[in-house]
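[1] Pasting the sequence and the predicted coordinates here, then a few questions.
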Amino acid sequence: MADKQATLTYNDKTIDVPVLEGSVGPEVLDIRKLYGQTGAFTYDPGYKSTGSCESALTYIDGDEGVLLHRGYPIGQLAEQSSFMEVSYLLLNGELPSKDELDDFTYTISRHTMLHEQLSTFYRGFRRDAHPMAIMCGVVGALSAFYHDSTDISDPEQRKIASHRLVAKMPTIAAMAYKYSVGQPFLYPDNSLSYTGNFLRMTFGVPAEPYEVVPAVEKAMDRIFILHADHEQNASTSTVRLAGSSGANPFACIAAGIACLWGPAHGGANEAALNMLREIGTPDKIPHYIERAKDKNDPFRLMGFGHRVYKNYDPRATVMQKTVREVFDALKVNDPLFETALRLEELALQDDYFIEKKLFPNVDFYSGVILSAIGFPTTMFTALFALARTVGWVAQWNEMISDPAQVIGRPRQLYTGPTQRDYVPVGQR
Ligand code: ACO
C-alpha cells in the first residue's frame, strides 16, 4: 500500500486514492480502483493527465527541457555514445562493457539480412508508394517470415525478435528507398557499422564501391540516438496497446510505424522541411508567423511545439549543431538553414509563442540535415521509424515483463442515443 493517500469525495462517498512516487517527476494518483469504488470513470482525451504504465526507460522533464535514457542525459549520449551503445542501454538497462558492446553489435550485424522472399513483397508496391506505407506492410509481414520469434511468453524468442527488428530496420528502410528510385537492392555489408551499412544500402550501387563519409556517418548515428526513445508518446503507446492484447512483436511495431506516420508526430520532420521550402526566404517569415497565430488558418509552424516540452527540446539543440557539422563535411550551404534559424529567432521573440511555450522540437532541424545528406523528404519519417524501433522494442519488452500490465481498454463518455427500437426500412 502506498504511504501517501489522496481523498476523493464523489456522490457523498469519500475514498482513499493511493499516491505513487516515481524515482523523479510528479506524483501519480493511482485510480485503478476508482470505477469499482465509485462507479465513475475519468475523462482525459489525449491522455494529458494520465499515466498508462510504470517505466524505467526514459524520463522527460518538459518544463526544464530534460531527457534522460536510463538516467543518462540525451546531450551526453548524443555527443559521446553510439546508436548501438544506446540501443544496448535501452534494451538492457545499463551501459555495456566493451565486450558486451562488441557482442551486441556482432549479434545485431548477424540479423541484418531479410528473408529473400521479402524482396518480392516490395515488388507488389507501386514505385511511388510512400516509404512509410512500405514500412508498415513489410514490418507487419515479418511475422509471417520469422515464426520462431513470435511466442511472446518465451523470453529468448522475445530477445531474438527484438534483435531482428533493430537489425532489419535499416535494410527495410534502405530497400524502400531503392525501390522508389528504381535501383537494385543492396545486401547488407556487415563489415560496416550499423549506420555506415545503412548509408551504403541507401546510397550505394552495385556498379561501384561506396565510401562512407565519416562525418555523415557520425551525424546520422547521432540522429538515430536522438530519436531512439521518447517515453510514452503516441507511437510508443500504440505499440504497448497493440502488445497488451498479446499480438506478436512484428505486428506491434507495424502498428507503431502507422501511428508515427502522422504529421502531428513523426511526419512533422517531413512537414517542417516542406514548410521551410514554402516559406523560402527570411523576408516571408513574418507572414507565416501571422498565419500560424491565426485561429482561422489551419497553418501551424511545423517542428514547433510539443505535448511535453514547454521549453527548448534538448534534442533540437544537438540537431542544430549537427546541421553545421554536416554542411561542413559535405561542403554544402542550404539557404533553408538560414531561414530556419531566422524563423526560430523571430518565433521565440513573439508573444504568442512565448505565452504558449512553443519551442523548436527535434523535427525542426532534422529535415535540413537529412536533405543535405541526400534523403528525399518522404524518407524522413522512415528514418525516424528505423531509429525509434529500439525504443518501441524496449518498451514492449518492459510491458510484457510487467505483471501489472493487462489488456489496454479505455472507457468512454457516451453521448449517443439511448436505447430505441429498430424501425424496418420501409417505415422510416
Ligand atoms: N504553431 C502554431 N500554434 C501552435 C503550434 C504550432 N506549431 N503548436 C501548438 N500551437 C498552439 C495551439 O493552437 C494551441 O493554441 P490554443 O491554446 O490557443 O488553442 C496551443 O498552442 C496548445 O497546442 P495543442 O495543440 O493543444 O498542444 P498539444 O500538446 O496537443 O500538441 C503538438 C502538441 C501536436 C506537437 C503541436 O504543438 C503541433 O501540432 N506542432 C506541430 C507539429 C510538430 O512539430 N509535431 C512534432 C512533435 S515532436 C515529435 O513527434 C517527434
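    Happy to help now that I have it.
[2] Can you pull up the residues of the chain that come close to the ligand?
    If contact is defined as Cβ under 6 Å from any ligand atom, the residues of the chain in contact with the ligand are 264-266, 268, 292, 300-307, 356, 358, 361-363. Where you see a C-beta, it was placed from the backbone N, CA and C, and this is true even at glycine.
[3] Could you export stretch 250-268 as PDB, CA atoms only?
    What follows is stretch 250-268 as a C-alpha-only set of coordinates in PDB (Å, rounded to 0.1, in the frame of the first residue of the first chain):
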ATOM      1  CA  PHE A 250       6.400  -7.500 -35.500                       C
ATOM      2  CA  ALA A 251       2.700  -6.700 -35.700                       C
ATOM      3  CA  CYS A 252       3.100  -4.300 -32.700                       C
ATOM      4  CA  ILE A 253       6.000  -2.400 -34.300                       C
ATOM      5  CA  ALA A 254       4.000  -2.200 -37.600                       C
ATOM      6  CA  ALA A 255       1.200  -0.500 -35.500                       C
ATOM      7  CA  GLY A 256       3.800   1.900 -34.100                       C
ATOM      8  CA  ILE A 257       5.000   2.800 -37.600                       C
ATOM      9  CA  ALA A 258       1.400   3.500 -38.700                       C
ATOM     10  CA  CYS A 259       1.000   5.900 -35.800                       C
ATOM     11  CA  LEU A 260       4.300   7.600 -36.300                       C
ATOM     12  CA  TRP A 261       3.400   8.400 -39.900                       C
ATOM     13  CA  GLY A 262       1.000  11.200 -38.900                       C
ATOM     14  CA  PRO A 263       2.100  14.900 -39.300                       C
ATOM     15  CA  ALA A 264       1.500  15.700 -35.600                       C
ATOM     16  CA  HIS A 265       4.100  13.000 -34.700                       C
ATOM     17  CA  GLY A 266       6.900  11.500 -36.800                       C
ATOM     18  CA  GLY A 267       5.600  13.100 -40.000                       C
ATOM     19  CA  ALA A 268       6.500  16.500 -38.700                       C
END
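[4] Just the buried ones among the residues of the chain next to the ligand, please.
    Restricting those to buried positions leaves 265-266, 268, 292, 300-306, 358, 361-363, with burial counted as 16 or more other Cβ atoms under 10 Å.
[5] Those: which two are farthest apart?
    Maximum pairwise distance among these (Cβ to Cβ): 20.6 Å, between Gly266 and Ala292.
[6] Which helix or which strand is home to Val166?
    With elements delineated by DSSP states H and E, Val166 resides in helix 155-181, which encompasses its position.
[7] Leaving aside the residues adjacent along the chain, what's closest to Tyr352?
    For Tyr352, ignoring the flanking residues on the chain, the nearest one in space by Cβ to Cβ, 6 or more residues apart in numbering is Lys293 at 4.6 Å.
[8] can you pull the contacts of the residue lying closest to Asn197 once chain neighbours are set aside?
    Nearest residue to Asn197 in three dimensions, chain neighbours excluded: Pro188, at 5.4 Å (Cβ to Cβ, 6+ apart). The contact partners of Pro188, taken as Cβ atoms under 8 Å, 6 or more residues apart in numbering, are 109, 112-113, 170-171, 197, 201.
[9] per-residue confidence for the closest residue to the ligand within the stretch 251-400 of the chain?
    Of all residues in the stretch 251-400 of the chain, Gly305 sits closest to the ligand, at 2.4 Å by Cβ to the nearest ligand atom. In this model, Gly305 is scored at 93, pLDDT.
[10] Would you map the strands across the stretch 51-200 of the chain?
    In the stretch 51-200 of the chain, the segments counted as strands under DSSP state E, counting those that start in this stretch are 58-61, 66-69, 72-73.
[11] would you turn those strands into a markdown table with mean neighbour count and mean pLDDT?
    Formatted as a markdown table, the strands of the stretch 51-200 of the chain follow (neighbours: other Cβ atoms under 10 Å; pLDDT from 0 to 100):
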| stretch | mean neighbour count | mean pLDDT |
| --- | --- | --- |
| strand 58-61 | 19 | 96 |
| strand 66-69 | 21 | 97 |
| strand 72-73 | 14 | 98 |
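[12] Nearest to Gly256, out of those strands?
    With respect to Gly256, and counting by Cβ to Cβ, the nearest of the strands of the stretch 51-200 of the chain is strand 58-61 at 15.0 Å.
[13] Which elements pack onto the closest one?
    Packing partners of strand 58-61 (3 or more Cβ pairs under 8 Å, 6 or more residues apart in numbering; DSSP states H and E): strand 66-69.
[14] contacting residues around the strand it packs on?
    Outside strand 66-69, the residues within contact range by Cβ under 8 Å, 6+ apart are 57-60, 73-74, 77, 86, 89-90, 228-230, 314-315.
[15] So which of these are in helices?
    74, 77, 86, 89-90, 314-315 (DSSP state H).
[16] from the middle of its chain, how far away would the host helix or strand of Gly36 be?
    Assigning secondary structure by DSSP H and E places Gly36 in helix 34-38. Helix 34-38 has its average C-alpha position 35 Å from the chain's average C-alpha position, going by Cα atoms, centre = their mean, to the nearest Å.
[17] neighbouring contacts of that helix?
    Helix 34-38 has contacts (Cβ under 8 Å, 6+ apart) with 8, 10-11, 13, 15, 17, 40-42, 411.
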